[in-house]
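Q: sequence and predicted model, in that order:
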Amino acid sequence: MTIRLLHILFLFLFFIPSNNAPAQIRRVERSNIVKVDFLSAVAFRRFGIAYERVITSNFSGQLGFQVTADGYTVSPEFRYYMLRQIAPEGFFVSPFGRIIGSNAGGGLGYGFGGLVGYQVLITSRISADAFIGPAYKYLAKESDWELWAGITIGFAF
């Protein structure tokens, strides 16, 4: 029930119609997506770009790269598309890792976390993706939990 309410909320918030075809009939037309994270650029002042590749009908891998005034972050993640949906569309859960580089003398750090989100192909070439989840980071002998969120627009090919 909670997942259904979350699905309706995402559809309402982003005004994106979902595809009504059953997941078993649909075929993945595009296996690669290059995305730009607009929410992070505006809200968190970090520029983010990511590449997602479909691995199987329910799994994909993504490699993200974010740049801030203080450094950079490289984030590999795996996405599991739930509820009989076919990657790269639908609800997903995603564990991720992070390698964090600091320009402020902090050296290299690391992090990890988990995301929940929803991705849709608006057209056969344009994707929209929204995600949120907790993230742990360790950098310069300090650790902290933070909220990791984003809204991306991508090009599928």
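A: Now that the structure is in, tell me what you want to look at.

Q: name every strand pairing with the host helix or strand of residue 91 and say which way it goes.
A: Assigned by DSSP states H and E, residue 91 belongs to strand 90-102. Sheet partners assigned to strand 90-102 using DSSP bridges are listed as strand 71-81 (antiparallel), strand 107-121 (antiparallel).

Q: give me the average confidence score over the helix or strand following the last one.
A: Okay, so that is strand 107-121. Toward the C-terminus, strand 107-121 is succeeded by strand 126-139 as the next helix or strand (DSSP H and E). In this model, strand 126-139 carries a mean pLDDT of 96.

Q: same question, stretch 81-101
A: Here the average pLDDT along stretch 81-101 is 93.

Q: report the backbone C-alpha coordinates of it in PDB.
A: The C-alpha coordinates for stretch 81-101 follow below in PDB (Å, rounded to 0.1, in the frame of the first residue of the first chain):
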ATOM      1  CA  TYR A  81      13.700  -2.100 -10.600                       C
ATOM      2  CA  MET A  82      10.800  -3.500  -8.500                       C
ATOM      3  CA  LEU A  83       7.200  -4.500  -9.000                       C
ATOM      4  CA  ARG A  84       7.700  -6.500 -12.300                       C
ATOM      5  CA  GLN A  85       8.900  -3.300 -14.000                       C
ATOM      6  CA  ILE A  86      11.600  -3.500 -16.700                       C
ATOM      7  CA  ALA A  87      14.800  -1.500 -16.300                       C
ATOM      8  CA  PRO A  88      15.300   1.400 -16.900                       C
ATOM      9  CA  GLU A  89      11.700   2.400 -16.000                       C
ATOM     10  CA  GLY A  90       9.800   2.300 -12.700                       C
ATOM     11  CA  PHE A  91      10.500   2.200  -9.000                       C
ATOM     12  CA  PHE A  92      13.900   1.200  -7.900                       C
ATOM     13  CA  VAL A  93      16.100   0.600  -4.900                       C
ATOM     14  CA  SER A  94      19.800   1.200  -5.200                       C
ATOM     15  CA  PRO A  95      22.800   0.600  -2.900                       C
ATOM     16  CA  PHE A  96      25.700   2.900  -3.800                       C
ATOM     17  CA  GLY A  97      29.300   3.600  -2.900                       C
ATOM     18  CA  ARG A  98      31.200   6.800  -3.100                       C
ATOM     19  CA  ILE A  99      34.800   7.900  -3.500                       C
ATOM     20  CA  ILE A 100      35.200  11.500  -2.300                       C
ATOM     21  CA  GLY A 101      38.000  13.800  -3.200                       C
END
